[in-house]
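Peer 1: coords below, sequence missing:
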């Protein structure tokens with residue numbers, strides 16, 4: 001399945017989770033619910049996947065943990081904050097580069113309207 005097809009399913013699932021649960025819960029709650037929703041839609045999900053970092057030839061196993069990796073292609077970074085700040089976007093772009101992924105979503109479930117809380121971030125597309 002192509003990244004754009006997966007992306008459409010991710011966005012729709014985010015709308016479903018936000019509509020059902022509303023804003024303001026812990027990120028871990030949204031992570032569990034979104035993973036469940038995406039799996040119900042037939043997508044393969046990995047939660048809290050460790051992405052190692054190659055630092056001058058040394059592999060650092062605890063580089064970072066991706067909240068969700070969907071179909072092995074898209075990183076979904078979840079937040080539940082009042083407002084997304086520029087460092088959140090830079091963080092996801094760095095994750096995409098380190099993991100050699102083309103596409104990611106920064107999803108803020110703290111937003112009153114989820115359409116305002118979803119940011120698509122591309123790495124070299």
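Peer 2: Nice, thanks for sending it over. For clarity, every value in this text was computed on a predicted model and none was experimentally measured.

Peer 1: Next, the buried residues of whichever strand or helix holds residue 47.
Peer 2: Using DSSP states H and E, residue 47 sits in strand 45-55. Buried residues in strand 45-55, defined by neighbour count with 16 or more other Cβ atoms under 10 Å: 45, 51. C-beta here means a position set from N, CA and C on the backbone, and glycine is covered the same way.

Peer 1: list the contacts for the residue nearest the centre of the chain?
Peer 2: By Cα atoms, centre = their mean, the chain has its centre lying nearest to residue 76, at 0.9 Å. Contacts for residue 76 (Cβ atoms under 8 Å, 6 or more residues apart in numbering) come out as 10, 34, 66, 67, 68, 69, 70, 104, 105, 107.

Peer 1: Which of the residues in the helix or strand just after the strand holding residue 47 are classified as buried?
Peer 2: Elements were assigned by DSSP H and E; along the chain past strand 45-55, the next helix or strand is strand 58-70. Burial within strand 58-70, assessed by neighbour count using 16+ other Cβ under 10 Å, is assigned to 63, 64, 66, 67, 68, 69, 70.

Peer 1: Pull the distance from the following helix or strand past strand 58-70 to the chain's centre.
Peer 2: Using DSSP H and E, the helix or strand that directly follows strand 58-70 along the chain is strand 74-79. Its chain's C-alpha centre and that of strand 74-79 lie 1 Å apart, by Cα atoms, centre = their mean, to the nearest Å.
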